[in-house]
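Peer 1: sharing a sequence plus its predicted fold:
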Amino acid sequence: MTAVLAKFARAGGDGDALLARYRLTSAMLSDPWTTVPLARYVAMFEEMADLLDDPLLGVRLGMETRPVDLGPTGLIMARSGSVRNALDRLARFVNNLQSGTHSALNEADDLLVLTYRLNDPAIWPRRQDAEFTLSSVIRMIRSAFDPDWGPIQVQFEHPAPSVSAARALRRMLGCPIRFEAASNGMVMALEEAKARFRDEDHDLIDVLERYLTDFTPSESLSDRWRDKVLALIVTYLGQQPVTTERLAADLRLSPRSLQRRLAEEGTSVRALLRSHREELADHHLQAGASNLGNLAEALGYADGTTFWRAHRNWTGQAPSAVRRRLTADQKRSRL
C-alpha cells in the first residue's frame, strides 16, 4: 500500500487527502503491524485511477515495481534460481503482501499456470488491483531473470476496457490478453520457467522462507480439503477439464480417497465446482458480461447452450434475461 501511494503522489495525486477519505494516515501505513482492510485498499486503488483519469494506473505502477517494494517476498523471488521457483514462493507467501487473496501455481501438460484472485466476490470493481498484481509479477521476472521475458498469455476476470486501453495493456505486458476469464492469471511455457538461471544461496533462501512462514496469516494455511480442491478448480476452470481424477492426482490421492475426504467435510467435487461456477456466473453477469459465449468458455462449458441450461437449472432464468434485467436496473439508477 505504501509503495502504491508513493507512486500515486509522484503521478500528481493528493495522497493525504485520499487517505483521509478512507480514515487512514501515513503514520498508520508506516507501522508494519497495521493492516488495511482489503475492500478499502481495492476501492482506494480504483479511486486513484479515477482521480488521475488514468485507467492504466495499475499496470503502469506494476511495471515500476522493484523487489524492495515487495519486502522479503520480493527478495526471495529475486534470489530464486528459476522462474518456476520464484513463482512457487510467491504463490505460497502472497498473503504476506495482501491478506484476503489466493494464488496458486500449477502445471498443466507443458504449461505453467499462475492464478490470482480476491477471496471476496463482493469486492468489485477490482480491475486496478488485478492489473497491478500481474504486471508486478511480470516486472519482477524481467528484473530478476530476463528483461525480454513474457508469458504466453495473461487473463483477467474483468471485462475488456476500451480498444485503446486493451491495446496498451497488450503492449505493456508483451503478450495476448484474455478478458472475462474465470480468474486472473498468466500462462507460461513450463520448460522455460523451470530452466535454471542461477545457483541459489540455500542458506539465505532458508532464512527468508522461515521468516515468511512465521508471518504468514493462519487463514492461508487451511488444512481443509474443500479449500485445496477449490484452489485447483480456480486454477483449471476455463483452462482444461476439471475432473475428480485430475484433482486427486494433483493432491496425491486416489479419486476414491479424495471423494471420501470431501464427503467428511459435507461436500463433493461436483458441489464445489457447481458453487464456484454459480458464483462466477453471477459475478460476471452483475459486471455486465459482454459475450455470453466467452463467459461459457470461462466457466468450462463446451458451448453457450450448455451454460444456458446450467444457469436456468440454478436460477430458473436464462443468463441473457438476467443480463437484460441488470442492464435495465442500471439505466434506471442513472436517471
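Peer 2: Cool, the structure landed.

Peer 1: C-alpha only now, for contacts and for neighbours.
Peer 2: Will do.

Peer 1: what about this protein, any weak spots by pLDDT?
Peer 2: Across the chain, the stretches falling below the confidence threshold (pLDDT under 70) are 32-33, 95-97, 216-222, 330-335.

Peer 1: beta-bridge partners for the residue minimising distance to the centre of it, please?
Peer 2: For the chain, the residue whose C-alpha lies nearest the mean C-alpha position (Cα atoms, centre = their mean) is Tyr116; its distance is 2.2 Å. Beta bridges link Tyr116 to Ser103, Asn184 when assigned by DSSP bridges.

Peer 1: how near is it to Thr235?
Peer 2: Counting by Cα to Cα, to the nearest Å, the gap from Tyr116 to Thr235 is 9 Å.

Peer 1: strands along the stretch 101-250 of the chain, start to end?
Peer 2: Ranges of strands in the stretch 101-250 of the chain, per DSSP state E, counting those that start in this stretch, are 101-108, 111-118, 153-155, 177-178, 184-189.

Peer 1: can you list these in JSON lines and add distance to Arg312?
Peer 2: Rendered in JSON lines, the data for these read as follows (distance: least, Cα to Cα, whole Å):
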{"stretch": "strand 101-108", "distance to Arg312": "30"}
{"stretch": "strand 111-118", "distance to Arg312": "26"}
{"stretch": "strand 153-155", "distance to Arg312": "27"}
{"stretch": "strand 177-178", "distance to Arg312": "26"}
{"stretch": "strand 184-189", "distance to Arg312": "26"}
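
Peer 1: thinking again about what came up before, just checking, the residue nearest to the centre of the chain touches His102?
Peer 2: Yes. Applying Cα atoms under 8 Å as the test, Tyr116 and His102 come out as touching, 5.8 Å apart.

Peer 1: domain-wise, how is this protein divided?
Peer 2: Following automatic domain parsing, one finds the domains of the chain at 54-194, 225-334.

Peer 1: CSV please, covering these and showing distance to Val36.
Peer 2: Output for those, formatted as CSV (distance: least, Cα to Cα, whole Å):
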stretch, distance to Val36
domain 54-194, 9
domain 225-334, 24
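
Peer 1: deepest-packed of these, please.
Peer 2: When neighbours are counted by mean count of other Cα atoms under 10 Å, the highest per-stretch mean among the domains of the chain falls to domain 54-194, a mean of 19.

Peer 1: quick one: that domain to chain centroid distance?
Peer 2: For domain 54-194, the distance between its averaged C-alpha position and the chain's averaged C-alpha position is 8 Å (Cα atoms, centre = their mean, to the nearest Å).

Peer 1: ok, the residue nearest to the centre of the chain - contacts?
Peer 2: Tyr116 is in contact with 101-104, 130, 183-185, counting by Cα atoms under 8 Å, 6 or more residues apart in numbering.

Peer 1: and of these, the nearest to Cys175?
Peer 2: Gly185 (12.6 Å; Cα to Cα).

Peer 1: just to revisit the earlier point, for Asp214, which of the domains of the chain is the nearest?
Peer 2: When the domains of the chain are compared for distance to Asp214 using Cα to Cα, the nearest one is domain 54-194, at 10.0 Å.

Peer 1: between the strands of the stretch 101-250 of the chain, which gets nearest to Ala289?
Peer 2: strand 177-178 (13.3 Å).

Peer 1: what segments of the stretch 101-250 of the chain are helices?
Peer 2: Taking DSSP state H, counting those that start in this stretch as the test, the helices found in the stretch 101-250 of the chain are 127-144, 163-173, 190-194, 202-214, 225-236, 244-250.

Peer 1: adding distance to Leu61, write those out as a markdown table.
Peer 2: Supplementary listing: these in a markdown table, determined by distance: least, Cα to Cα, whole Å:
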| stretch | distance to Leu61 |
| --- | --- |
| helix 127-144 | 7 |
| helix 163-173 | 11 |
| helix 190-194 | 24 |
| helix 202-214 | 24 |
| helix 225-236 | 26 |
| helix 244-250 | 35 |
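
Peer 1: of those helices, which is nearest Trp314?
Peer 2: Proximity of the helices of the stretch 101-250 of the chain to Trp314 was assessed by Cα to Cα; the nearest stretch is helix 225-236, lying at 19.1 Å.

Peer 1: give me the helices and strands touching the closest one, please.
Peer 2: The contact analysis (3 or more Cα pairs under 8 Å, 6 or more residues apart in numbering; DSSP states H and E) places helix 225-236 against strand 101-108, strand 111-118, helix 255-264, helix 269-286.

Peer 1: neighbouring contacts of that helix?
Peer 2: Residues external to helix 225-236 that are found in contact with it (Cα under 8 Å, 6+ apart): 102, 104-106, 113-115, 182-183, 222, 242, 247, 261-262, 265, 267, 269, 272-273.

Peer 1: who are the contact partners of the residue lying closest to Asp201 once chain neighbours are set aside?
Peer 2: Counting by Cα to Cα, 6 or more residues apart in numbering, Arg79 is the residue found nearest to Asp201 once chain neighbours are left out, at 7.6 Å. By Cα under 8 Å, 6+ apart, the residues touching Arg79 are 86, 144, 200-201, 205.
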